[in-house]
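Undergrad: sequence first, then the predicted structure:
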Amino acid sequence: MSDLFPPFEPERVESRRARFKPIPFRLLAPNVITLLALCLGLTAMRLVVEGKLDTATICILVAAALDGVDGRLARLLKGTSRFGAELDSLSDFVNFGVATGYVLWIFVLHDLKSFGWIIVLTLACAMALRLARFNVMIDDPNRPEWQKNFFVGMPAPAGAITAMLPLYLHFIGVPVQEYGALPVGAYILFIAFLTISRIPCYAGKTLGTRVPRDKVLPIFVAVVVVAGLLFAYPFEMLALVVIAYLALIPLSVARYRKLEREHAAAPASPAEVPAEPV
């Protein structure tokens, strides 16, 4: 009969309960930055409704800057994870697809009514498709090492920054709204096409891995000058950077094609050469 009613021992039950292992902070830090970027993107939507167009634009720009930091920080701290990658993609879609499109809709695209909203939907869906393709490609083990220096299509943060060029021009005094919403809509559709295209864009991941000693001080001075100009003339500099970035895309394509021809003509390594039958 004693087996039917075993004694209850709370301490013993608690000791047998599964315990969760503590998570290192280096795994959390990149995700915290990603969530901060997501909060900025969502806040931009509120600010643009309140009429604070410039502050909303800055929020998206800061979110793009944080997006460039979280991945590098995760690799630096060896805190990369599948969870972080998925969270980063969801945050990018909200910030650079939904929030950016909504800010542009409030700015000028609403003048096109339904056609303007179709442009917003196109931009958001293009960002979603581009991020989905990126997530698939990073898992491809057969991708050549040299191709990792190029993005396939314009990356989502760059797409959002370039799509907001009409806003930068508006802030520096160019009468964008007087020219009409149709040119702005055509430009945004062009950016949406670049994000989902297979046009190679230079990623710059290996840029700065080795810096000659005689170039260190000039680089420091250049960074100070650029930072000063960015703080003094933020939207003028942003407009200049966007135009320069778009102008460099043909050079990136030419560089990609050249490397593709060189690696296609290069002899295969011994490990890749099939063995002859004996």
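TA: Arrived safely, thanks for sending.
Undergrad: residue ranges in this structure under the pLDDT threshold?
TA: 1-20, 25, 138-141, 204-210, 266-278 (pLDDT under 70).
Undergrad: and the strands in it?
TA: 150-152, 200-202 (DSSP state E).
Undergrad: those strands: which one's closest to residue 86?
TA: strand 150-152 (19.0 Å; Cβ to Cβ). C-betas here are computed from N, CA, C, even on glycine.
Undergrad: the closest one pairs with which strands, parallel or anti?
TA: strand 200-202 (antiparallel) (DSSP bridges).
Undergrad: list the buried residues for the partner strand?
TA: 200-202 (16 or more other Cβ atoms under 10 Å).
Undergrad: spatially central, which residue of this structure would that be?
TA: Nearest to the mean C-alpha position of the chain, counting by Cα atoms, centre = their mean, stands residue 157 at 3.6 Å.
Undergrad: my read: that residue touches residue 67, true?
TA: Yes. Applying Cβ atoms under 8 Å as the test, residue 157 and residue 67 come out as touching, 5.0 Å apart.
Undergrad: distance to residue 89 added to the strands of the chain, as TSV?
TA: Converted to TSV, these look like this (distance: least, Cβ to Cβ, whole Å):
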stretch	distance to residue 89
strand 150-152	14
strand 200-202	18
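Undergrad: what's the closest of those to residue 133?
TA: The nearest among those, by Cβ to Cβ, is strand 150-152 at 7.0 Å.
Undergrad: can you list contacts of that closest one?
TA: 133-134, 137, 198, 200-203, 252, 256 (Cβ atoms under 8 Å, 6 or more residues apart in numbering).
Undergrad: closest one of those residues to residue 114?
TA: Among the contacts of strand 150-152, and counting by Cβ to Cβ, the member closest to residue 114 is residue 133, at 28.3 Å.
Undergrad: any idea how many residues pack against the closest one?
TA: Neighbour count of residue 133, defined by other Cβ atoms under 10 Å: 15.
Undergrad: do you know how far the residue nearest to the centre of the chain is from residue 117?
TA: Going from residue 157 to residue 117 by Cβ to Cβ, to the nearest Å gives 23 Å.
Undergrad: about what we covered before: out of the buried residues of strand 200-202, which comes closest to residue 182?
TA: residue 201 (26.7 Å).
Undergrad: quick check: bridge partners of that closest one?
TA: What pairs with residue 201, by the bridge criterion (DSSP bridges), is residue 151.
Undergrad: doesn't residue 250 make contact with it?
TA: No. In this structure, residue 201 is not within contact of residue 250 by Cβ under 8 Å, at 10.7 Å.
Undergrad: now do the contacts for the closest residue to residue 126 other than its chain neighbours.
TA: Once flanking residues are discounted, residue 126 sits nearest to residue 192: 3.9 Å by Cβ to Cβ, 6 or more residues apart in numbering. Residue 192 makes contact with 122-123, 126-127, 159, 163, according to Cβ under 8 Å, 6+ apart.
Undergrad: if we can go back for a sec, what's the closest non-adjacent residue to the residue nearest to the centre of the chain?
TA: residue 64 (4.1 Å).
Undergrad: now the one you found: how far from residue 21?
TA: 34 Å.
Undergrad: of the two, who's got more company?
TA: Legend: neighbour count by other Cβ under 10 Å for residue 64 and residue 21, higher for residue 64 (24 against 5).
Undergrad: surely that one touches residue 159?
TA: No. Judged on Cβ under 8 Å, residue 64 makes no contact with residue 159 at a distance of 9.7 Å.
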